[in-house]
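J.: next input, structure requested:
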Amino acid sequence: MGSELPKQFLPIGGTPLIIRTIENIRKAVPDAEIILVLGDSAKEQWKDIAQNTAFADLVVANGGSSRTESVKSGLALVTEDSMVAIHDAVRPFASVDCIKSTLNAAMEHGAAIPVVPMTESIRLKKGALSTAVDRDNYCIVQTPQCFRFEIVMSAYEQLSNSHSDDASVVEASGVKIALTQGNEENIKITTQKDLWIAESILKMQKE
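T.: All right, here's what the predicted structure looks like:
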C-alpha cells in the first residue's frame, strides 16, 4: 500500500490494526492465550508498538517463508487439548458474536469457519467465455477459522499440497467444516481502499 510499515501495523483511528484485532479477540474471549506469528523484521516493530500497551508480553512465534510454515510455527506453541482460532491480523472488525459462535461450532464439530453470503452476481470462466452460476451456492470465507487442536495439528502434519487457507488444509485431511455466520464488517485490509473503508466502519461503530 505504498508504506514501509507491514499492513498489520498501519493505523486506523490512530491505533495499529494489529492492536485493534487483538483487543477484539480479548473482548470475545478474555482468557484467550494469543500467539502472534511474526517475521524477524516485524518483531522489532511489534516491540515498539506494543511496549506501552497491555499486550507487550504476548507470545511471539517465528514467521516462516510461507503461510504453512508460519501456521505450523504458531501451532507448535499451542497447549494440547486447546481450541485454536487462526485469525488474520488485518481483520480488526470480527464481531464478538462471530468469534464466539465459530469457536462454539468448532467445539461441537471439530472445525468451523465464519462466512457471509455473496451479494454480487458471479460467473464461472471457461477460457474466453463464461457461465452464470447461482450465487446462493457460494459464500465468502472469513476468519477466525477455528479448530480443535488435535485436528488442525494433525492436518498440518499430513499436509502435502498448498492450500489457500487453514480450513482447506483441515478439509483435505478428511474433516468436514461447519459454517457459522460472519459479519459484513469483518473485512481483510489489504489495499488503500480497504483502509478508507475501515476508517468509515470505525466511525460508524463509534457513532
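J.: pLDDT value on Glu52, please?
T.: Actually, residue 52 is Asn. It isn't Glu. Looking at Asn52, its pLDDT is 87.
J.: which residues in the protein form helices?
T.: Under the criterion DSSP state H, helices of the chain are mapped to 17-28, 40-50, 67-75, 96-109, 149-158, 166-172, 192-206.
J.: want to throw the ones you listed into a markdown table with mean neighbour count and distance to Cys139?
T.: Just so you know, the C-beta spots here come from the backbone N, C-alpha and C atoms, and that holds for glycine as well. Shown next, in a markdown table, are the helices of the chain (neighbours: other CB atoms under 10 Å; distance: least, CB to CB, whole Å):
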| stretch | mean neighbour count | distance to Cys139 |
| --- | --- | --- |
| helix 17-28 | 19 | 22 |
| helix 40-50 | 15 | 31 |
| helix 67-75 | 18 | 21 |
| helix 96-109 | 18 | 14 |
| helix 149-158 | 17 | 21 |
| helix 166-172 | 21 | 12 |
| helix 192-206 | 14 | 20 |
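J.: can you say which of those is nearest to Asn137?
T.: Proximity to Asn137 (CB to CB) singles out helix 166-172 among the helices of the chain, at 17.0 Å.
J.: helices or strands next to that closest one in the packing?
T.: Under the contact criterion of 3 or more CB pairs under 8 Å, 6 or more residues apart in numbering; DSSP states H and E, helix 166-172 touches strand 111-117, strand 145-148, helix 149-158.
J.: okay, now the residue lying closest to Ile197 once chain neighbours are set aside: neighbour count?
T.: Nearest residue to Ile197 in three dimensions, chain neighbours excluded: Ile187, at 6.4 Å (CB to CB, 6 or more residues apart in numbering). Around Ile187 there are 18 other residues, counting by other CB atoms under 10 Å.
J.: ok, back up a step: compare the helices and strands packed on helix 166-172 and give me the one nearest Ile201.
T.: Proximity to Ile201 (CB to CB) singles out strand 111-117 among the helices and strands packed on helix 166-172, at 14.3 Å.
J.: that closest one: partners in the sheet, and parallel or antiparallel?
T.: Strand pairing for strand 111-117, determined by DSSP bridges: strand 139-141 (antiparallel), strand 145-148 (antiparallel), strand 178-181 (parallel).
J.: in PDB, list the C-alpha atoms belonging to the last one.
T.: Below are the C-alpha coordinates for strand 178-181, written out as PDB (Å, rounded to 0.1, in the frame of the first residue of the first chain):
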ATOM      1  CA  ALA A 178     -19.000 -26.300   9.800                       C
ATOM      2  CA  LEU A 179     -20.200 -22.900   8.700                       C
ATOM      3  CA  THR A 180     -21.100 -20.000  11.000                       C
ATOM      4  CA  GLN A 181     -22.500 -16.500  10.300                       C
END
